[in-house]
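*Asks:* curious how this folds, go ahead:
(one chain, ligands or ions: 1)
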Amino acid sequence: MSTLAQPRMVALVRDAKGWSQEELATAAGLSQGFISKVENGLTDLAGDQLAALARALECPVSLLTDPARLQGLEVSCLHHRRRHSKMTAAKKRQIEAITNLTRISVEGLAAGIEIVPEVQLHRIDIDSVGDAAEIARMVRAAWRVPSGPIENLTRLLEALGVVIVARALGTSAQDALSTWPTDPAKPPLMVVNTGLPADRYRFTLAHELGHMIMHVLPSDTQEAEADAFASELLAPAAEIGPQLAGLTTRDIPRLLALKQQWRISVAALIRRAKDVGAISDRQYRQFWMQLGQLGWRTREPGELSPETPQTLQRILQTHRTEHGYTEKELAAAAAMLPRTFARRYGGQRPSQPPTRLHVVPSR
Ligand SMILES: [Zn+2]
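*Replies:* Okay, here's the model as predicted:
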């Protein structure tokens with residue numbers, strides 16, 4: 001293994017901290033000019049200076065020097081579910097860097113483990129199908145999802161081999177990011193912001209899944225397509241349409257009951273009512289005003305029971321019980337300092353019955 005820092009990795013770990021070169025230089029007791037040269041590959045970084053930089057970045061030296069850790073990031077397309085576009089370039093770089101470092105950790109931990117999905121996830125070209133809702137119907141059929149609401153979307157996606165990691169992104173402007181490298185040996189990954197209400201969390205997962213399946217290259221229409229996919233996946237028009245027929249603004253109790261049944265927000269149900277033609281554009285605007293008056297645009301009543309990802313916890317469990325890994329060894333596999341690893345994954349144990357996904361040691 002190289003003993004020199006990889007320029008791109010230094011920038012990646014710095015970005016994940018949300019630091020400028022200047023801030024890293026101060027924390028490491030080095031000059032900004034030196035950090036700039038390191039990140040541009042104009043000077044080598046090794047020895048004491050490398051150790052000082054790793055200390056400041058709170059990461060193992062090996063993360064900064066191992067070129068293999070960077071390989072998985074080369075080809076993955078990164079998608080975002082953003083609440084609004086008010087985000088600085090530095091913040092955007094930070095959450096992308098957090099996602100990339102999460103992938104590095106997940107791939108490190110998944111080495112020696114075989115994730116065997118129940119059903120294989122495939123990409124479907126939206127240009128050949130033409131309609132995101134049609135693709136949602138195709139995947140529901142292909143995965144044999146029973147008609148009606150999807151009770152636990154997290155378990156469904158985990159059964160497809162998608163790794164879902166909850167991480168504090170340090171902003172409310174971004175709900176999730178997803179990556180799926182073209183290498184089939186590498187798992188699709190979703191990093192979802194913590195603190196989302198269950199309805200928004202579920203819609204976010206469905207939206208990200210839409211990106212993973214339909215979008216390889218970014219396009220102007222991708223956000224609307226991912227939303228259309230998510231809406232149809234969670235609440236197929238043919239099934240929810242009749243339940244929304246004749247809806248008026250006096251039907252808030254009906255919407256709250258449908259929210260519990262379908263596990264999607266009242267706001268999403270109102271959008272759905274417009275999509276399926278159950279309400280007019282004018283009624284839709286009235287509903288929207290009503291939601292504002294009720295203060296429901298920020299927080300809706302009728303909170304749903306949360307869904308918790310399990311795959312990563314089961315990978316850790318397999319390492320602990322079947323491979324006899326210590327927490328220190330697990331931290332090394334995740335390319336983290338032991339204290340960072342303990343804070344993020346240390347106390348976590350599977351809390352729900354296993355998903356249909358098989359996580360087995362590969363021998
Ligand atoms: Zn999106």
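*Asks:* what separates Met87 from the ion, distance-wise?
*Replies:* Met87 sits 13 Å away from the ion when distances are taken as C-beta to the ion, to the nearest Å. C-beta: built from backbone N, CA, C; applies to glycine.
*Asks:* typed the wrong thing, it's Val192
*Replies:* In terms of C-beta to the ion, Val192 sits 13 Å off from the ion.
*Asks:* hey, what's that residue bridged with?
*Replies:* Taking DSSP bridges as the rule, Val192 bridges to Ala166, Ala176.
*Asks:* any idea how far it is from Leu209?
*Replies:* As judged by C-beta to C-beta, to the nearest Å, Val192 and Leu209 stand 12 Å apart.
*Asks:* and for Thr311?
*Replies:* Taking C-beta to C-beta, one finds Thr311 at 15 Å from Leu209.
*Asks:* just Pro187 next, same as before
*Replies:* Distance of Pro187 to Leu209, given as C-beta to C-beta: 14 Å.
*Asks:* who's more crowded, those two?
*Replies:* Between Pro187 and Leu209, Leu209 has the larger neighbour count (other C-beta atoms under 10 Å), namely 25 against 21.
*Asks:* relative to the ion, how far out is the more buried one?
*Replies:* 11 Å.
*Asks:* in contact with that residue, which residues?
*Replies:* 157, 162, 178, 229-230, 233 (C-beta atoms under 8 Å, 6 or more residues apart in numbering).
*Asks:* which of those tops the neighbour count?
*Replies:* Neighbour max across the contacts of Leu209 (other C-beta under 10 Å) = Phe229, 29 neighbours.
*Asks:* and Glu23, helix, strand or coil?
*Replies:* helix (DSSP: H, G, I helix; E, B strand; the rest coil).
*Asks:* mind listing what it touches?
*Replies:* Per C-beta under 8 Å, 6+ apart, neighbours of Glu23: none.
*Asks:* pLDDT score for it?
*Replies:* Glu23 is assigned a predicted lDDT (pLDDT) of 97.
*Asks:* where's it relative to Pro149, distance?
*Replies:* Distance from Glu23 to Pro149, by C-beta to C-beta: 47 Å.
*Asks:* where does pLDDT dip in the stretch 1-150 of the chain?
*Replies:* Residues of the stretch 1-150 of the chain meeting the criterion pLDDT under 70: 1-2, 72, 74-85.
*Asks:* just the strands in it please.
*Replies:* Under the criterion DSSP state E, counting those that start in this stretch, the stretch 1-150 of the chain contains strands at 78-82, 113-116.
*Asks:* now whichever strand or helix holds Thr204, how far from the chain's geometric center?
*Replies:* Element membership of Thr204, judged by DSSP states H and E, is helix 198-214. The chain centroid and the centroid of helix 198-214 are separated by 9 Å under C-alpha atoms, centre = their mean, to the nearest Å.
*Asks:* what's the average pLDDT for it?
*Replies:* For helix 198-214, mean pLDDT is 94.
*Asks:* then it to PDB, C-alphas only?
*Replies:* Taking C-alpha atoms only, helix 198-214 is exported to PDB below (Å, rounded to 0.1, in the frame of the first residue of the first chain):
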ATOM      1  CA  ALA A 198     -42.000   8.400   8.100                       C
ATOM      2  CA  ASP A 199     -44.300   9.600   5.200                       C
ATOM      3  CA  ARG A 200     -41.500  11.900   3.800                       C
ATOM      4  CA  TYR A 201     -38.900   9.200   4.400                       C
ATOM      5  CA  ARG A 202     -41.000   6.700   2.400                       C
ATOM      6  CA  PHE A 203     -41.600   9.100  -0.500                       C
ATOM      7  CA  THR A 204     -37.900   9.900  -0.500                       C
ATOM      8  CA  LEU A 205     -37.000   6.200  -0.800                       C
ATOM      9  CA  ALA A 206     -39.400   5.700  -3.600                       C
ATOM     10  CA  HIS A 207     -38.200   8.900  -5.400                       C
ATOM     11  CA  GLU A 208     -34.500   7.700  -5.100                       C
ATOM     12  CA  LEU A 209     -35.500   4.300  -6.300                       C
ATOM     13  CA  GLY A 210     -37.000   5.900  -9.400                       C
ATOM     14  CA  HIS A 211     -33.700   7.700 -10.100                       C
ATOM     15  CA  MET A 212     -31.700   4.400  -9.600                       C
ATOM     16  CA  ILE A 213     -33.900   2.500 -12.000                       C
ATOM     17  CA  MET A 214     -34.600   5.200 -14.700                       C
END
